[in-house]
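> my questions are about this predicted structure, shown below with the sequence.
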Amino acid sequence: MNITELQTQLPSELYAILKARFDTLRPAQGKAVKAGLLDKKNLLICTPTASGKTLLAELAGIKMILEDYKKVIYIVPLKALASEKYKDFKSQYSKLLRVGMSIGDIDASNPRLSSFDLIITTPEKLDSLIRHTARWLNEVGLVVLDEIHLLNDPNRGPTLEILITLLRKILPHVQIIGLSATIGNPEELAEWLDANLIKDNWRPVKLHKGVYLEGKIEFKKKLKG
């Protein structure tokens, strides 16, 4: 899909930034747009690492902020990843929106977050914000769940599952976008989220399997026939 096909679907400020960076969308990105990414549809995106999942969240999120004046919550599993996303979004979009991060004290309501458009946080911190009845939560229009496959993690999965359930109850019209490179049961998860499933195997660099031994890698050879 050519970037020009998105011109009428995106705010002009966002389209200008996107056009300066890319000419075409990657396969999974095109599929997601056609499946309702920019029309507030729930999506579960299961594609390889570096296939462009984060950009999809950016497009839907910034469109939501600029056109619907809603807040966006971007959930990541680790504080280090939250800091990385915060720096990336801040450097790319600080002229369009206010980016905030909340990964600290889980017993604080953090009222300062009401002044931000895009809020990056962890499941544990967001769970705390919900329990403290953060007033700005009813202003949220999109929730992005990065590494959503952690629902299967015995330690962190239950918190994430309860969090998603609470968000859907508190915000019945919220758009949910789940991102992951590895999901064992994507169809079941998509059904639970009431989401369109996007699956694609394209990756920017081909993956080769091999065995490393004594400084050498012997790659698996394809069988002829």
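Cool, the structure landed.
> can you give me the pLDDT of Gly225?
Confidence per residue is given as pLDDT, and for Gly225 that number is 47.
> repeat that for Ser109.
Taken from the predicted model, the pLDDT recorded for Ser109 is 61.
> repeat that for Asp105.
What the model reports for Asp105 is a pLDDT of 67.
> equivalent analysis for Ala16, please.
Ala16 is assigned a pLDDT of 93 by the prediction.
> quickly find the element holding it.
Secondary-structure assignment from DSSP states H and E places Ala16 in helix 12-21.
> quick check: the residue nearest to His208 when sequence neighbours are not counted vs Val211, distance?
The spatial neighbour of His208 that comes closest, neighbours along the chain excluded (C-beta to C-beta, 6 or more residues apart in numbering), is Phe219 at 5.2 Å. Quick note: C-beta positions are derived from backbone N, CA and C, even for glycine. In this view, Phe219 and Val211 are 8 Å apart by C-beta to C-beta, to the nearest Å.
> likewise for Arg112?
Going from Arg112 to Val211 by C-beta to C-beta gives 52 Å.
> next: Glu84.
Glu84 sits 32 Å away from Val211, taking C-beta to C-beta as the criterion.
> if you count surrounding residues, which of these two has more?
Glu84 (13 against 9; other C-beta atoms under 10 Å).
> so which helix or strand takes in the more buried one?
According to DSSP H and E, Glu84 maps onto helix 79-93.
> now that helix: average pLDDT?
94.
> these two touch, right, Leu43 and Ala32?
Yes - with the criterion set as C-beta atoms under 8 Å, Leu43 and Ala32 qualify as a contacting pair; they are 5.9 Å apart.
> who's more crowded, those two?
Shown here are Leu43 and Ala32; by other C-beta under 10 Å, Ala32 has more neighbours (29 against 23).
> read off the pLDDT value for that one.
Turning to Ala32, the model gives it a pLDDT of 95.
> wait, isn't it in contact with Ile45?
Yes - taking contact to mean C-beta under 8 Å, the distance of 6.0 Å between Ala32 and Ile45 places them in contact.
> need the contact list for Val144.
Under the criterion of C-beta atoms under 8 Å, 6 or more residues apart in numbering, the neighbours of Val144 are 57, 60-61, 72-75, 177, 179.
> wait, a strand at it?
Yes - the assignment for Val144 (DSSP: H, G, I helix; E, B strand; the rest coil) places it in a strand.
> need the strands for the protein, in chain order.
Listed in chain order, the strands of the chain (DSSP state E) span residues 43-46, 71-75, 99-102, 118-121, 140-146, 175-180, 196-199, 210-213, 216-219.
> what about Glu187, how many residues nearby?
Counted by other C-beta under 10 Å, the residues lying close to Glu187 total 12.
> tell me the pLDDT of the nearest residue to it once chain neighbours are set aside.
Beyond its immediate neighbours in the sequence, the residue positioned closest to Glu187 (C-beta to C-beta, 6+ apart) is Leu197, lying 6.4 Å away. The confidence metric pLDDT takes the value 96 at Leu197.
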